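J.: this one's structure only:
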């Protein structure tokens, strides 16, 4: 019989890693868009929410959500690719229709537009033709078996898949950013858009691609989150969009615009939130996260891995 | 026919008119310089050519093709490279990566590698600092990188905006020597400068710009001798 204190510690660590890697996946989208356009895409947390809901709609359409139905083995991989593609296309469309016309407008206009897009997505999602107003339960699309028991903690394949897929996606992104021509173009655009254009980089296309990548990562996180926590709530902003907003906090804590910072911030938020919930009080999860944000902003305003920039006048 | 010809080009920044009908021509193989005081419109002329600002009227013709108001990334593909004012180095990328961005429009690996070696022959300092973050280079080295990077697209026309600005006199003469070297291998150069002495010495032809208008145009030697230029820009007489 394992020591219950150790079991609790291991279980909390496991959950913190799973939730933290989801925050990290979402935070990457915030930070990439900020790095290139210097604005916070508040609709990003809604893309995450849509990742979960679109997976549910897909599962329902294919009959996997019916009581007693068992999804085929390919359901999980198929669903994650499906939501990444559809939400990637949605991210592209949002940038094209809502943000690109404001490219030369003051930044505050773009920010307000982003909030508008966010509200639009949340509310359209409640239409009967979309997801409706009732909470739903996401069916299991990934094999959920107990793999092993370590110190009284049961290692479930769902948890390991969530962490594994998140890590693989982050490694792929890292590779794209630092080893491909597209990545070089993204880094050049984020340093100096005008000069990047002078070097022959099609800036608008790079920005579109950034939105597609960020949105598909958030959608993947939405799918994975729904696998771990299958309760889909409506209205979505009470839980799912809040999760996305905490990922924004993660991006800020890590140093907005910094990819590794976003991953570090995501994991840190996961640890603070879940350890706080397990050892202090489960009712104050959001308080821990936002207190950490305030502390970081007070003592390291540029974020943990961010570089302080001096605004030149 | 000239390689580059701009005709009666007008540009405004909001209500402020920056170019009031500028015309000039750059013959293939030459170094042409555009001199004038601060705010005369020198940089704006280069920006009008490379597509960074909107031309409200007039035409920019490159190699017989009308390129007026094409987006900058398409103009690079046609063979014009612009090393902008203030150097525009990607400060958080390495020297190598800056050069790689310069070659963005190309996909001939062998040619790119060859041009990078050529850049390192022109600027041995850059070779020593290949893996260094560009933001840590000195001003002179950053200027060298800006020129080397512009050359990576293998341009037919190179636009240089104040390459001598803020550099020590020794570095300035190195930069001008390199400008001549680049030109001797066949690259046409349009050079904007406040350092009129050096610019006219390096150039075949010169234009003098005053508050948005070309006021003088002649062979560089003739301009360097003319009383007006000597008084106003060379500080002589």
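T.: Nice, I can see it. What you see is a predicted model, and the numbers here were worked out from it, not measured in a lab. Numbering: from 1, shown residues only, chains lettered A, B, ... in the order given.

J.: which SSE is residue A:91 in?
T.: For residue A:91, the host element (DSSP states H and E) is helix A:75-94.

J.: name the helices or strands packed onto the following helix or strand past that helix?
T.: Remark: after helix A:75-94, the chain's next helix or strand is helix A:107-124, criterion DSSP H and E. When contacts are defined as 3 or more C-beta pairs under 8 Å, 6 or more residues apart in numbering or on different chains; DSSP states H and E, helix A:107-124 packs onto helix A:44-61. From N, CA and C alone the C-beta is placed, and that goes for glycine too.

J.: can you give me the strands in chain B?
T.: B:4-13, B:16-26, B:31-35, B:57-62, B:65-66, B:80-83, B:157-161, B:188-193, B:205-210, B:213-219 (DSSP state E).

J.: please read the previous query as pertaining to the stretch 151-300 of chain A.
T.: Along the stretch 151-300 of chain A, counting by DSSP state E, counting those that start in this stretch, strands occupy A:153-156, A:231-232.

J.: next, format these as CSV and append mean pLDDT, mean neighbour count and distance to residue B:37.
T.: Shown next, in CSV, are the strands of the stretch 151-300 of chain A (pLDDT from 0 to 100; neighbours: other C-beta atoms under 10 Å in any protein chain shown; distance: least, C-beta to C-beta, whole Å):
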stretch, mean pLDDT, mean neighbour count, distance to residue B:37
strand A:153-156, 85, 17, 73
strand A:231-232, 88, 17, 67
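
J.: residue B:55: which of these is closest?
T.: Among the strands of the stretch 151-300 of chain A, the nearest to residue B:55 by C-beta to C-beta is strand A:231-232 (53.8 Å).

J.: and the strands of the stretch 151-300 of chain A as JSON lines, adding distance to chain B?
T.: As requested, the strands of the stretch 151-300 of chain A are arranged in JSON lines below (distance: least, C-beta to the nearest C-beta, whole Å):
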{"stretch": "strand A:153-156", "distance to chain B": "40"}
{"stretch": "strand A:231-232", "distance to chain B": "41"}
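
J.: JSON lines for these, including distance to residue B:79?
T.: Converted to JSON lines, the strands of the stretch 151-300 of chain A look like this (distance: least, C-beta to C-beta, whole Å):
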{"stretch": "strand A:153-156", "distance to residue B:79": "60"}
{"stretch": "strand A:231-232", "distance to residue B:79": "56"}
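
J.: tell me which of those strands sits nearest to residue B:130.
T.: Nearest to residue B:130, of the strands of the stretch 151-300 of chain A and by C-beta to C-beta, is strand A:153-156 at 46.5 Å.

J.: how about the lengthiest helix in chain B: buried residues?
T.: Ranked by residue count and defined by DSSP state H, the top helix of chain B is helix B:169-184. For helix B:169-184, burial by neighbour count (16 or more other C-beta atoms under 10 Å in any protein chain shown) applies to B:171, B:172, B:174, B:175, B:176, B:178, B:179, B:182, B:183.

J.: any regions of the chain where pLDDT drops low?
T.: By default, I'm working from chain A. A:1, A:308-313 (pLDDT under 70).

J.: um, chain B though
T.: In chain B, residues with pLDDT under 70: B:235-237.

J.: which bits of it sit near chain A?
T.: Taking C-beta under 8 Å from any C-beta of the partner chain as the contact definition, chain B meets chain A at B:50-52, B:71-73, B:76-77, B:81-82, B:84, B:88, B:90-93, B:97, B:100-102, B:104-105, B:149, B:153.

J.: out of those residues, which end up buried?
T.: B:50-52, B:72-73, B:76, B:81-82, B:84, B:88, B:90, B:93, B:97, B:100-102, B:104-105, B:149, B:153.

J.: quick one: residues contacting residue 197.
T.: You didn't pick a chain, so chain A it is. Applying C-beta atoms under 8 Å, 6 or more residues apart in numbering or on different chains, we find residue A:197 in contact with A:203, B:51, B:52, B:71, B:72, B:73.

J.: could you do chain B instead?
T.: With C-beta under 8 Å, 6+ apart, residue B:197 has these contacts: B:224, B:234.

J.: for chain A, see how far away it is.
T.: Distance, residue B:197 to chain A, by C-beta to the nearest C-beta, to the nearest Å: 28 Å.

J.: and the residue nearest the centre of chain B?
T.: The structure's chain B has its C-alpha centroid closest to residue B:160; by C-alpha atoms, centre = their mean the separation is 1.5 Å.

J.: isn't it right next to residue B:81, touching?
T.: No: between residue B:160 and residue B:81 no contact is recorded; they are 9.4 Å apart, counting by C-beta atoms under 8 Å.

J.: shared neighbours of those two, which are they?
T.: Residues touching both residue B:160 and residue B:81 by C-beta under 8 Å, 6+ apart: residue B:150.

J.: check which helix or strand the closest residue to chain B within the stretch 1-150 of chain A maps to.
T.: Closest to chain B within the stretch 1-150 of chain A is residue A:35: 10.6 Å, counting by C-beta to the nearest C-beta. Per DSSP H and E, residue A:35 falls inside helix A:4-37.

J.: show me what counts as buried in that helix.
T.: Buried, per 16+ other C-beta under 10 Å, within helix A:4-37: A:7, A:9-37.

J.: tell me the angle it makes with helix A:107-124.
T.: 130 degrees (axes from the mean of the first three to the mean of the last three C-alpha atoms, to 10 degrees).

J.: tell me how far helix A:4-37 lies from the chain's centre.
T.: Put simply, helix A:4-37 sits 9 Å off its chain's centre (C-alpha atoms, centre = their mean, to the nearest Å).

J.: which helices and strands does it pack with?
T.: On a contact count with 3+ C-beta pairs under 8 Å, 6+ apart, helix A:4-37 meets helix A:44-61, strand A:153-156, helix A:157-179, helix A:181-191, helix A:203-228, helix A:240-254, helix A:259-279.

J.: which ones are touching residue A:124?
T.: residue A:130.

J.: can you name the residues of the stretch 101-250 of chain A that neighbour chain B?
T.: Looking at chain B, the residues of the stretch 101-250 of chain A close enough under C-beta under 8 Å from any C-beta are A:181, A:184-185, A:187-188, A:191-192, A:194-203.

J.: so residue A:173 touches residue A:213, yeah?
T.: Yes: using C-beta under 8 Å, residue A:173 is in contact with residue A:213, at 7.0 Å.

J.: those two: which is more packed in?
T.: residue A:213 (24 against 20; other C-beta atoms under 10 Å in any protein chain shown).

J.: and of the buried residues of helix B:169-184, the nearest to chain A?
T.: After measuring those against chain A - C-beta to the nearest C-beta - the closest member comes out as residue B:182, at 17.8 Å.

J.: wait, isn't that closest one in contact with residue B:156?
T.: No: Residue B:182 lies out of contact with residue B:156 (C-beta under 8 Å); the separation is 12.0 Å.

J.: before we move on, back to that, what sits up against the longest helix of chain B?
T.: Counting by C-beta under 8 Å, 6+ apart, B:29-31, B:122-123, B:139-140, B:143-144, B:147, B:151, B:158, B:160, B:163-164, B:167, B:189, B:191, B:195, B:198, B:201-202 sit against helix B:169-184.
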